[in-house]
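Colleague: sequence unknown, structure follows:
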């Protein structure tokens, strides 16, 4: 089964995005690597905003991280035409908007990692960082991906 088919089987669809977002690109390619810009917890008309540990639960953050992962995949597809051109997910940088004292950033970013493993199987295994910080515009989560493509 292709990665595109697997994503649809999981009940997800990716909106078409324009790679050129004005001052920045949603993703850039260097050789066989695609680097996405940080994608916040916004998918279509749905936004997840707030601080984990004050406004949002780990479960809500987990879902927000899945949204970010889908946006990252849409950015990759904008450059390579199909998720089936992905050879390996290399790196995830997960940034979590945290309230003082919140330290379960890995539990939040598992939402992204789990989605990547569900879609790509072994090719979805990746190195990862999950850090807490203040995210612009109070989005709950922001994620960047590096993927290797064919």
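Modeller: Nice, I can see it. Remember, it's a predicted structure, so these values are computed and weren't measured experimentally.

Colleague: low-confidence ranges, this structure, go.
Modeller: Nowhere does the chain drop to pLDDT under 70.

Colleague: which residue ranges form the helices in it?
Modeller: Applying DSSP state H to the chain gives helices spanning 3-9, 58-80, 105-120.

Colleague: which strands or helices does the longest one pack on?
Modeller: With contacts defined as 3 or more Cβ pairs under 8 Å, 6 or more residues apart in numbering; DSSP states H and E, the secondary structure elements packing on helix 58-80 are strand 27-30, strand 33-36, strand 39-40, strand 42-43, strand 86-97, helix 105-120, strand 141-149. In this view, the C-beta of every residue, glycine as well, is placed from N, C-alpha and C.

Colleague: which helices and strands sit right next to the third one?
Modeller: The elements that strand 39-40 packs onto, with contact taken as 3+ Cβ pairs under 8 Å, 6+ apart, are helix 58-80, strand 141-149.

Colleague: which of the helices of the chain sits most buried?
Modeller: Of all these, helix 58-80 has the most neighbours on average by mean count of other Cβ atoms under 10 Å, namely a mean of 23.

Colleague: got the contact list for stretch 29-39?
Modeller: Residues from elsewhere that reach stretch 29-39 (Cβ atoms under 8 Å, 6 or more residues apart in numbering): 21, 24-28, 68, 71-72, 75-76, 79-80, 87, 90, 93, 95, 142-150.

Colleague: any of those buried? List them.
Modeller: Listed as buried from the contacts of stretch 29-39 are 25-27, 68, 71-72, 75-76, 79-80, 93, 95, 142-149; burial here means 16 or more other Cβ atoms under 10 Å.

Colleague: circling back to that earlier point, redo the helices of the chain as TSV? Include distance to residue 49.
Modeller: Putting the helices of the chain into TSV (distance: least, Cβ to Cβ, whole Å) gives the following:
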stretch	distance to residue 49
helix 3-9	25
helix 58-80	9
helix 105-120	14
